[in-house]
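Chemist: need coordinates for the following:
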Amino acid sequence: MAADHDLRQRHRASVRAWNAFIERSEGPHDQVRPEILTSWQRSSADVPGLSAAPLADEDDTREMWATSPLQLAVERVGEDLRRTAEDGDLVVAVTDEQTRILWTYGGRVMRRKAESVNFVAGGRWDESSVGVNALNLALRQDSPAMVFSAEHLAPIVHNWVCWAAPVHDPVTGRQLGVIDLSTTWDRTHPIGLATARMMARLIETALPAQPGRPSADDRDAAAEGLLLRVLGSAEAVLDGQRLLLTRRQTEILALLALSPSGLSLETLHAHLYGDEPVTVSTLKAEVSHLRAALGGRLASRPYRLEMPVRTDVDAVLGRLRAGDLRGAVAAYGGDLLPGTNSPRLTEVADYVAVAVREAVLADPQPDVVARYSDLVPSDVEVVEVCLARLGDVAHPLRPLLRGRLAAARR
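Modeler: Now for the predicted structure:
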């Protein structure tokens, strides 16, 4: 297969680049991603000789996990994490902000591989200890990261591919650690990074509530305030009155609605524009127009909405967490602001889309699949899984689903 051939070529190229670096202690600059090469150059010469990652004190690690807010969050979503590990024969790890592993769960094969290199609770996977890997790269860059095969400086994980995403406190924005998914390099899959992002968001939504932070249920119970729909279409309603906003204003409003504690000017700029060469003054002008549309109810330092807020994103995720698949799909309108260039909104869009799809695949009820396929007609697999689950059982929606499948395959 072409994909398998390309993957093996990539593996061989990474090994050649690693060998060239070890032999010359420099370059090859044109064969390695800049962030990988920079990390290699920062790392200790002892790293390539490691037989396993160093271990932190066992009692200290246990105490850290017991007092970490991540512990309760992982308990709440543990079933999802374990199912992901088992279905994909992955090892899943959650770390603290120093890249010390606090919790792991592995599929049968990967669990043994992980134990052999101390990819276990207490394992120290910071750059200074083991060289570059997806865990410490995600923390350093504060963004999802993948490290493939011999891109790892330590040969003990040259047979691995790892995807990691940082986990933040939704209130303060502080990095709490990362979640990492690892398997063997020959099982690399394009959805790996999106899955890591989804799992990070899943943990964030499960973090224990903090005093003063309104819950999704509190916001949904509010009769007044802002109702924002961004899934499939864009609509903002304030105190019962529809707002007329530009596309950019809607994106800013969505970013603020999804960040109840507010965003600094710098963070809002990064979430909205990424690396685009847009001045801060332009953003301030956009915020000023949005503030006027909201009747002044947009605070600054940080930018924060001063009203009860309900979003369809919160509604979908809340129903998924409650196990209400039918309600989640009913609330799901499709992709979040299709065509957006906002890095943060793109990330949230991936998370919601993957979460809904995985939930439907896990329980493909015909009426739910019919609704989902109306929104995502190209997703043939979901319809196929539903029809396979039905088998020979008669169902009034079978003809509709078969028609959907035939139309998608044309």
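Chemist: and stretch 233-250, how far apart are its ends?
Modeler: By CA to CA, to the nearest Å, the extent of stretch 233-250 from end to end equals 11 Å.
Chemist: next structured bit after the helix or strand Ala93 falls within?
Modeler: Using DSSP states H and E, Ala93 maps to strand 91-95. Once the chain leaves strand 91-95, the next helix or strand it forms, by DSSP H and E, is strand 101-106.
Chemist: what sits against Ala138?
Modeler: Residues in contact with Ala138 (CB atoms under 8 Å, 6 or more residues apart in numbering) are 144-145, 164-166, 178, 180. C-beta coordinates here come from the backbone N, C-alpha and C atoms, glycine included.
Chemist: pLDDT score assigned to it?
Modeler: If you check Ala138, the pLDDT there is 93.
Chemist: kindly report the same for Ala3.
Modeler: Per-residue pLDDT puts Ala3 at 65.
Chemist: now do the same end-to-end measure for stretch 72-80.
Modeler: 14 Å.
Chemist: what does that stretch rub up against?
Modeler: By CB under 8 Å, 6+ apart, the residues outside stretch 72-80 that reach it are 81, 94, 103, 105, 199, 202-204, 206-208.
Chemist: out of those, which are buried?
Modeler: Buried members of the contacts of stretch 72-80, scored by 16 or more other CB atoms under 10 Å, are 81, 94, 103, 105, 199, 202-204, 206-207.
Chemist: filter these down to just the ones in helices.
Modeler: 81, 199, 202-204, 206 (DSSP state H).
Chemist: pLDDT weak spots in the stretch 201-350 of the chain?
Modeler: Across the stretch 201-350 of the chain, the ranges flagged by pLDDT under 70 are 209-223.
Chemist: got it, and the stretch 1-150 of the chain?
Modeler: Flagging of the stretch 1-150 of the chain using pLDDT under 70 yields the residue ranges 1-3, 25-30.
Chemist: next up, the contacts around the residue nearest to Arg174 when sequence neighbours are not counted.
Modeler: Distances taken as CB to CB, 6 or more residues apart in numbering put His168 closest to Arg174, at 6.6 Å, once the chain neighbours are dropped. Shown in contact with His168 (CB under 8 Å, 6+ apart): 174-176, 204.
Chemist: thinking Val385 is in contact with Leu361, fair?
Modeler: Yes: in terms of CB atoms under 8 Å, Val385 counts as a neighbour of Leu361; the distance is 5.9 Å.
Chemist: where exactly do the strands run in the protein?
Modeler: Taking DSSP state E, the strands of the chain run over residues 91-95, 101-106, 145-148, 160-168, 175-184, 226-229, 235-238, 241-242, 298-299, 304-305, 309-311.
Chemist: let me see the mean pLDDT of the fifth one.
Modeler: Going back to what we said before, that points to strand 175-184. For strand 175-184, mean pLDDT rounds to 95.
Chemist: just the buried positions in it, please.
Modeler: For strand 175-184, burial by neighbour count (16+ other CB under 10 Å) applies to 176-183.
Chemist: tell me which residues of stretch 239-247 are tucked away?
Modeler: Buried residues in stretch 239-247, counted by 16+ other CB under 10 Å: 243, 245.
Chemist: start to end distance for it?
Modeler: End-to-end distance for stretch 239-247, by CA to CA: 21 Å.
Chemist: show me which pair in the ones in helices among the buried ones among the contacts of stretch 72-80 is furthest apart.
Modeler: Largest separation among those by CB to CB: Leu81 and Glu204, giving 13.4 Å.
Chemist: surely Met110 touches Val91?
Modeler: Yes: using CB under 8 Å, Met110 is in contact with Val91, at 4.2 Å.
Chemist: quick check: neighbours shared by those two?
Modeler: Here Met110 and Val91 share the contacting residues 85, 182-183, scored by CB under 8 Å, 6+ apart.
Chemist: between those residues, which is closest to Leu272?
Modeler: Ser182 (32.3 Å).
Chemist: my guess is that closest one contacts Ala93. True?
Modeler: Yes: using CB under 8 Å, Ser182 is in contact with Ala93, at 7.3 Å.
Chemist: shared neighbours of these two, anything?
Modeler: Residues touching both Ser182 and Ala93 (CB under 8 Å, 6+ apart): 114, 119.
Chemist: which residue ranges make up each domain of this protein?
Modeler: Following the assignment in automatic domain parsing, the chain carries domains at 2-206, 219-311, 364-410.
Chemist: contacts only, for the closest residue to Val278 other than its chain neighbours.
Modeler: Of all residues not flanking Val278 in the chain, His269 sits nearest, at 7.5 Å (CB to CB, 6+ apart). By CB under 8 Å, 6+ apart, the contact set of His269 is 278, 280, 283.
Chemist: which of those residues tops the neighbour count?
Modeler: The most neighbours of any of the contacts of His269, using other CB atoms under 10 Å, belong to Leu283, which has 19 neighbours.
Chemist: I'd say it and Tyr273 touch.
Modeler: Yes: if you go by CB under 8 Å, Leu283 and Tyr273 touch, sitting 7.5 Å apart.
Chemist: that older thread, will you turn the domains of the chain into a markdown table that also has distance to Leu337?
Modeler: A markdown table is the format used below for these (distance: least, CB to CB, whole Å):
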| stretch | distance to Leu337 |
| --- | --- |
| domain 2-206 | 17 |
| domain 219-311 | 5 |
| domain 364-410 | 15 |
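Chemist: among those, show me which one is buried the most.
Modeler: When you average the neighbours per residue for each of those (mean count of other CB atoms under 10 Å), domain 2-206 leads with a mean of 19.
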